[in-house]
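**Q** Take a look and give me a structure for this.
(one chain, ligands or ions: 1)
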Amino acid sequence: MTLGTLDLSQIQQLETVHQPPLYAKREIALVRGEGAYLFDSNGRRYLDAMSNYGVAILGHADPEYAAALSEQLHTLATGHQSFYSDVRAVLLRQITTIAPPGLTRYFLSNSGAEAIEAAIKFARVATGRPNFVAAKRGYHGRTLGALAATADQKYRAPFEPLAPSTTHVSFNDVAALEAAVDDHTAAILLEPIQGEGGIWPASLGYLQSARDIAATRGALLIADEIQTGFRTGTPWAIDAPGAVPDILVTAKALANGFPIGLTMCTEVISSAIPSGAHGTTFGASPLACRAALVTLHALRERDLYGRSAALGTQLINRLTDMGSPKVRQVRGRGMMIGVELKERVTPTLRALQERGVLVLPAGPTTFRLLPPLIWEQEQVDEFMAAAESILC
Ligand SMILES: Cc1ncc(COP(=O)(O)O)c(C=O)c1O
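**A** Numbering: from 1, shown residues only. Below is the predicted model of the structure:
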């Protein structure tokens, strides 16, 4: 069986037979990408408005990214953190330039959930407290610790009992947060914009209150920027002086698709973590670090923050002004946009796919745009033409 020789039905058959039935799969097999476009096994082209759940911010087959990874593969790909690495050292230095003030220690791992697990463990060890407060509709991953923080019963129920104990409060409700945080709370864990839950931005006042409540009660504030990181026009969506978290977690886009997780914390938290108390074999390998370095370099050099802010605002305005009778609300910031419909979202996802545009659901009635940040005016216009033809 040779790569490139399988047709769609053979691919579907093999995946159906050999995988646990965890995913409701879309009908197509994606086999190639080029810039802002993906191609299926029949050679059909799709505008990528999802970047693999927010991962491929440089789009697909980016020449600079591919060349850097290829060079690193020919130099040194893997290397444990019990040895020093030149690439890792340079990446850590680079992270200091985007880290929020006071977040000076960086733990690198391999995925969002792993980065959350580290945050949970660090918060517990630093505070000596067991519990967490997170938000309803919040999503933090599917390993057991991250799942305990995730709100949706769909993800939690089959695996209960879960540890650690997490109270889920209504998002953007300061009084509810105030009532839930007590002397046993290690941390408040929040997404600055809830992603999987439907693209719900936190109000600035809410994040500042969360900061104050945590500080007053001796708990920590953890910002989950796994989905928001790098795509809202600034590195972080929690970007105000009064709302700096104690721990910030990111993953997805940081290495443009190479698996990576990053848990940033303060000196005080870092000093409470015993040597050897946490670790990972693959995390912070030279290859992963090189992937992150070239991604951060491209973000800066190509002004992708500025472009995400401008094109994102334009998309939000045009989607709102479209005046579709099917649309309830358009929400988001930069290239993280949710379009809530007055009806279930699946027919719209299908219709967009048939028209050659791939978007993601975010809850039962919302579709979500997480485009590669390399979109230009042409891709915005192409998306809008498809959206108007289906929704108006
Ligand atoms: C906000 C948020 N936290 C955590 C995760 C989990 O990340 P991963 O799927 O890499 O484990 C996700 C993934 O969608 C996410 O959006």
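**Q** beta partners of T250?
**A** Beta bridges link T250 to L262 when assigned by DSSP bridges.
**Q** Kindly tell me how buried it is, as a neighbour count.
**A** Counted with other Cβ atoms under 10 Å, residues neighbouring T250 total 25. Backbone N, C-alpha and C define where each C-beta goes, glycine included.
**Q** Can you tell me how far it is from E71?
**A** Note on T250: its distance to E71, by Cβ to Cβ, to the nearest Å, is 25 Å.
**Q** Quick check on the residue most central in space within the chain: phi, psi?
**A** For the chain, the residue nearest the mean C-alpha position is Q227 (2.0 Å; Cα atoms, centre = their mean). Main-chain dihedrals, Q227, degrees, to the nearest 10: phi -100, psi -40.
**Q** mind listing what's buried in stretch 351-368?
**A** With burial defined by 16 or more other Cβ atoms under 10 Å, the residues of stretch 351-368 counted as buried are 352-353, 357-363, 365-368.
**Q** ah, wrong one, I meant stretch 211-228
**A** Of the residues in stretch 211-228, those buried (16+ other Cβ under 10 Å) are 211, 213-214, 217, 219-228.
**Q** Kindly report the residues of the stretch 101-250 of the chain close to the ligand.
**A** The stretch 101-250 of the chain comes close to the ligand at residues 111-113, 116, 139-141, 191, 195-196, 224, 226-227, as judged by Cβ under 6 Å from any ligand atom.
**Q** Give me the next element, helix or strand, following the lengthiest helix in the chain.
**A** Ranked by residue count, the top helix of the chain under DSSP state H comes out as helix 304-321. Of the helices and strands lying after helix 304-321 in sequence (DSSP states H and E), the nearest is strand 327-333.
**Q** relative to helix 304-321, how tilted is that next one?
**A** Angle between the axes of strand 327-333 and helix 304-321 is 170 degrees (criterion: axes from the mean of the first three to the mean of the last three Cα atoms, to 10 degrees).
**Q** how about strand 327-333, does it get close to the ligand?
**A** No. Applying Cβ under 6 Å from any ligand atom, one finds strand 327-333 separated from the ligand by no less than 13.9 Å.
**Q** Report whether the next helix or strand after that strand contacts the ligand.
**A** Downstream of strand 327-333, the next assigned helix or strand under DSSP H and E is strand 336-341. No. Between strand 336-341 and the ligand, judged by Cβ under 6 Å from any ligand atom, nothing touches; the nearest distance is 10.3 Å.
**Q** T185 - nearest residue in space that isn't next to it in sequence?
**A** Counting by Cβ to Cβ, 6 or more residues apart in numbering, the nearest residue to T185 once its immediate chain neighbours are dropped is A219, at 4.3 Å.
**Q** Hmm, R129 and that neighbour touching each other?
**A** Yes. The pair A219 and R129 qualifies as a contact (Cβ atoms under 8 Å) at a distance of 7.1 Å.
**Q** Does V31 belong to a helix, a strand or coil?
**A** Using DSSP: H, G, I helix; E, B strand; the rest coil, the three-state assignment for V31 comes out as strand.
**Q** List the contacts of it.
**A** For V31, the residues meeting the contact criterion (Cβ atoms under 8 Å, 6 or more residues apart in numbering) are 4, 39-41.
**Q** which of those residues sit farthest apart?
**A** Checked with Cβ to Cβ, these reach their widest spread between G4 and D40, with 13.3 Å between them.
**Q** Let me see the contact set for the closest residue to the ligand within the chain.
**A** Evaluated by Cβ to the nearest ligand atom, the chain has G112 as its residue closest to the ligand, separated by 2.2 Å. Under the criterion of Cβ under 8 Å, 6+ apart, the contact list for G112 reads 140-141, 146, 226, 249-252, 261.
**Q** would CSV of those residues with pLDDT be doable?
**A** Formatted as CSV, the entries for the contacts of G112 read as follows, by pLDDT from 0 to 100:
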residue, pLDDT
H140, 97
G141, 96
A146, 92
I226, 98
V249, 98
T250, 98
A251, 98
K252, 98
G261, 98
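**Q** what residues are up against I273?
**A** Under the contact definition (Cβ under 8 Å, 6+ apart), the residues listed for I273 are 122, 125-126.
**Q** hang on, the earlier thing: neighbour count winner among G4 and D40?
**A** More crowded of G4 and D40, by other Cβ under 10 Å: D40, with 18 against 7.
**Q** Could you pull up the residues touching that one?
**A** Contact partners of D40, counting by Cβ under 8 Å, 6+ apart, are 8, 28-31, 46.
**Q** Separate out the buried members of the residues you listed.
**A** If we count by 16+ other Cβ under 10 Å, the contacts of D40 have these buried: 28-29, 31, 46.
**Q** out of the residues you listed, which one sits closest to S308?
**A** Each of the buried ones among the contacts of D40 was checked against S308 using Cβ to Cβ; the closest is Y46, at 20.6 Å.
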